[in-house]
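**Q** give me coordinates for this.
(2 chains)
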Amino acid sequence: MDYKKLANLLFPNVTETVDALEKKYPKRNLEEGAIVTRFAPSPTGIDVHFGHLFNCFIASTVAHQSNGVYYLRIEDTDQKRKVEGAVETIIKTLNTFNINFDEGRTIDGNDFGNYGPYKQSERKNIYQAVAKMLVENGLAYPCFCKEEDLNKIRSYQKEHKLTHIGYYGEFAKCRNLTYEEIEENIKNGKKWVLRFKCSAKPGDRMSYDDYIKGVIEQDANINDVIIIKEDGLPPYNFAHVCDDHFMRTNMVMRGEEYSGVSTTEHIQLFNACGFEVPRYAHNPYILKLDPETGNAVKLSKSKHREASVSFYLRDGYPVDAVVDYMYLLANSDFEKWREENPTSPVSEYTLKISNLSKSGSVFDIDKLNNISKNRMALKTATQVYEETYAWANEHNKEWAELLNKHKDFAIKMFNIDRETAKPRKDITTYLKTIELYNYFFNEYFYNFNIENFALDESFNNYENVENVLKEYLNSYNENLSHEDWFAKIKEFSSKIGYATDNKEYKKNPEKYLGNVANVCGIIRVAITSQNKTPDLYEICKLLGKEELENRINYFLEILKNK
RNA sequence: GGUCCUAUGGUCAAGCGGUUAAGACGUCACCCUCUCACGGUGAAAUCAGGGGUUCGAUUCCCCUUAGGACUACCA
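**A** Numbers count the residues shown, from 1 in each chain, chains lettered A, B, ... in the order given. Alright, predicted model coming up:
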């Protein structure tokens, strides 16, 4: 067959040539070992998957560490699944986590960089030029099979339990069409797709060196896969090959789902085009334990809230905590480094792709919480204030207003038990600050009902409670040191029948109304509503004597009327 | 069904033929203590099973088992 003639029949309007493209997109001039890689999302959702964030994080870190290039390419060849606003969300979200691109599509829809356009739907001429070349070289052919034809082939293959399912060998009927038949079909307006003429046969093996998983030997792809769809655009496989070639990617980092036969297919395509095959690195998944079966399953947006990056943003996990967690997932020795360098920027740590786990790891929210607590404890009160405020502005207006209205007060509040040798570690998220600190604000406190107060048996006898609180107010003086403050409490506690020596109290509990811990407990609940709070002395000092009195009166009032 | 990947406590994991099998999170206990935290000390808890190779296997090989992925005009 005259393939040149066929190419012109199929692509009469394509004038672009591969040679011209090679010149237009020259090899990158980078230092030895520089990694050029990309994030290539499909704009099909309004939320980013944590697994994608994780992949991006690894790829961008590795690229930047090597003085390479990390770019963004939008894979929108499936026009049916496109979602409005998805690209913007992706870019914004990644930026939030300090993942930035050196070139690619931007949030306002423009491109920056010399290898664009960075959106596949705008690269049709490139794909068609390469496709035309393949036809000219006899490596691709048009296929007129319809969906039902394909289904028929598939069910035949399944019925006869053939090991290979697909369009190959004797099943690839359109492979044998003559030029005249093709011309006739086209003249009759029959729709066609372009298929790759695969030279591999059942039983053929191929191997490639995966940067993460090592050398993998695989059954080679034997299907005459589709490289140009009916709409003229390529599916993933061919778009990947053309784009990563002309964008001069040298390391394709992508999810594990592409490892295996797909990769052999992609390599065949690279070879057929005469393009250099890039290095592949297939990242394992992040998993989640299924409570019913106990099996680890792929983290999925539809089933697990922590699969969506918006979850971390909404709950207010500090970005540095999430980033630390990703480092930990990638390289377990990061933990040791972090222990030794608690305040260093992560950029000082070298991520080692060789230390990536070959299998997926189960997502552990407890670990993230722990990291978050530790990161939070390292921040100054002002930092905590500002980050919390920024978060609240987006996610909780009420909290934001209070923080804004009482800024100095709020910073002092966040500073309690902070700048000490053993800072508190109870804030995991910005969201958590609300339940942890709301009682500091009168706007909250004076709206509490008796149910909001953490009452225990110490509150059963109203007279005792009143007695304790009145004594406390009498003894309280804002100028007291911490020691003197506590000495005063002990003093009146003993006077009104509470034990001040805990060992003594444990020996003879019946001799006392309670111990000094109960006294503090009563005070704590009365002025904060909670039984778990930071240092009581500091809280009292921050609120001031007048406010203490008001709160105690308020509390006694509602306790009495319970 | 076929092909590939993976397998150390509940989780993340060190380990590269000889170890009392690190460490972290989580759990529990005790200490510290005005609560809660923090901190400290300690405990329970792991080499999936079976064959080889070897003087010796968690480590190397094979099989089994389990889990995961792929097998689209989706990416």
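
**Q** and the closest residue to A:Thr106 other than its chain neighbours, what pLDDT?
**A** Nearest-residue entry for A:Thr106: A:Phe112, 6.3 Å, with adjacent residues in sequence omitted and distances by C-beta to C-beta, 6 or more residues apart in numbering. Where you see a C-beta, it was placed from the backbone N, CA and C, and this is true even at glycine. On pLDDT, A:Phe112 comes in at 94.

**Q** cool, the one 5 residues further on as well?
**A** According to the model's per-residue confidence, A:Pro117 sits at a pLDDT of 95.

**Q** with A:Phe555 instead?
**A** 96.

**Q** name the SS class of it, please.
**A** Three-state assignment for A:Phe555 (DSSP: H, G, I helix; E, B strand; the rest coil): helix.

**Q** next up, the contacts around it.
**A** For A:Phe555, the contact set (C-beta atoms under 8 Å, 6 or more residues apart in numbering) comprises A:Phe453, A:Leu469, A:Val525, A:Ala526, A:Ile527.

**Q** how about a cut-off of 7 Å?
**A** Taking C-beta atoms under 7 Å, 6 or more residues apart in numbering as the contact definition, A:Phe555 lies against A:Ala526.

**Q** would you quantify the distance from it to A:Tyr25?
**A** Distance of A:Phe555 to A:Tyr25, computed by C-beta to C-beta, to the nearest Å: 73 Å.

**Q** now the residue nearest to A:Thr106: how far from A:Tyr208?
**A** 32 Å.

**Q** ok, the two, which is more surrounded?
**A** A:Tyr208 (17 against 14; other C-beta atoms under 10 Å).

**Q** ok, that one touching A:Ile267?
**A** Yes. In terms of C-beta atoms under 7 Å, A:Tyr208 counts as a neighbour of A:Ile267; the distance is 6.1 Å.

**Q** could you pick out the residues of the stretch 51-200 of chain A near RNA strand B for me?
**A** Residues of the stretch 51-200 of chain A lying near RNA strand B by C-beta under 7 Å from any atom of the strand: A:75, A:77-78, A:81, A:145-147, A:150, A:154, A:161, A:163, A:165-166, A:191, A:193.

**Q** now, of these, which are buried?
**A** Buried members of those, scored by 16 or more other C-beta atoms under 10 Å, are A:Glu75, A:Thr77, A:Asp78, A:Cys145, A:Gly166, A:Val193.

**Q** please name the nearest non-neighbouring residue to the fourth one.
**A** Distances taken as C-beta to C-beta, 6+ apart put A:Cys174 closest to A:Cys145, at 6.1 Å, once the chain neighbours are dropped.

**Q** my read: that neighbour touches A:Tyr141, true?
**A** Yes. A:Cys174 is in contact with A:Tyr141 according to C-beta under 7 Å; the separation is 6.5 Å.

**Q** pass me the low-pLDDT residue ranges in the stretch 101-250 of chain A, would you?
**A** For the stretch 101-250 of chain A, no stretch is flagged by pLDDT under 70.

**Q** what kind of secondary structure is A:His282 in?
**A** strand.

**Q** bridged to it, which residues?
**A** A:Arg254 (DSSP bridges).

**Q** that one and A:Asp209: what is the separation?
**A** 11 Å.

**Q** compare those two and say which is more crowded by neighbours.
**A** A count of neighbours by other C-beta under 10 Å puts A:His282 above the other of A:His282 and A:Asp209, at 21 against 10.

**Q** quick one: the helices in the stretch 151-300 of chain A?
**A** For the stretch 151-300 of chain A, the helices defined by DSSP state H, counting those that start in this stretch cover A:179-187, A:236-246, A:261-273.

**Q** just those: most buried one?
**A** helix A:236-246 (a mean of 23; mean count of other C-beta atoms under 10 Å).

**Q** surely A:Phe453 meets A:Ser529?
**A** Yes. Counting by C-beta under 7 Å, A:Phe453 touches A:Ser529, with 4.7 Å between them.

**Q** neighbour-wise, which of those two wins?
**A** More neighbours surround A:Ser529 than the other of A:Phe453 and A:Ser529, with 22 against 19 (other C-beta under 10 Å).

**Q** measure the more buried one to RNA strand B for me?
**A** 12 Å (C-beta to the nearest atom of the strand, to the nearest Å).

**Q** do the same with A:Arg418
**A** 11 Å.

**Q** need the pLDDT of the closest residue to that residue other than its chain neighbours.
**A** With sequence-adjacent residues excluded and distances taken as C-beta to C-beta, 6+ apart, A:Arg418 is closest to A:Ala381, at 5.5 Å. The model reports A:Ala381 with a pLDDT of 96.

**Q** okay, now A:Ala381: neighbour count?
**A** For A:Ala381, using other C-beta under 10 Å, the count is 16.

**Q** check contacts around it.
**A** A:Ile411, A:Phe414, A:Asn415, A:Arg418.

**Q** relative to RNA strand B, which of those is nearest.
**A** A:Arg418 (10.8 Å; C-beta to the nearest atom of the strand).

**Q** domain-wise, how is chain A divided?
**A** Here the domain parsing of chain A from automatic domain parsing is A:3-15+A:124-283, A:379-445, A:450-560.

**Q** now the ones you listed as CSV including distance to A:Tyr71?
**A** Below are the domains of chain A laid out as CSV (distance: least, C-beta to C-beta, whole Å):
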stretch, distance to A:Tyr71
domain A:3-15+A:124-283, 7
domain A:379-445, 28
domain A:450-560, 47
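
**Q** centre of the chain versus the helix or strand bottoming out on mean pLDDT in chain A, how much separation?
**A** Least confident element among the helices and strands of chain A, by mean pLDDT, DSSP states H and E: helix A:502-507 (a mean of 78). Its chain's C-alpha centre and that of helix A:502-507 lie 52 Å apart, by C-alpha atoms, centre = their mean, to the nearest Å.

**Q** what average pLDDT does the helix or strand following it get?
**A** The helix or strand immediately downstream of helix A:502-507 is strand A:514-515, counting by DSSP states H and E. Strand A:514-515 carries an average pLDDT of 88.

**Q** describe which strands strand A:514-515 pairs with in its sheet and in which direction.
**A** strand A:498-499 (parallel).

**Q** and the closest residue to A:Phe311 other than its chain neighbours, how many neighbours does it have?
**A** Counting by C-beta to C-beta, 6+ apart, A:Phe311 lies nearest to A:Arg305, which is 4.9 Å off, once chain neighbours are set aside. Here the count is done by other C-beta under 10 Å, and A:Arg305 has 12 residues near it.

**Q** what about A:Arg305, distance to RNA strand B?
**A** For A:Arg305 relative to RNA strand B (C-beta to the nearest atom of the strand), the value is 17 Å.

**Q** swap in A:Lys23?
**A** Taken as C-beta to the nearest atom of the strand, the span from A:Lys23 to RNA strand B is 27 Å.

**Q** ok, A:Ala499 touching A:Pro509?
**A** No. Under the criterion of C-beta under 7 Å, A:Ala499 lies out of contact with A:Pro509, with a separation of 8.1 Å.

**Q** perfect, I'm done here.
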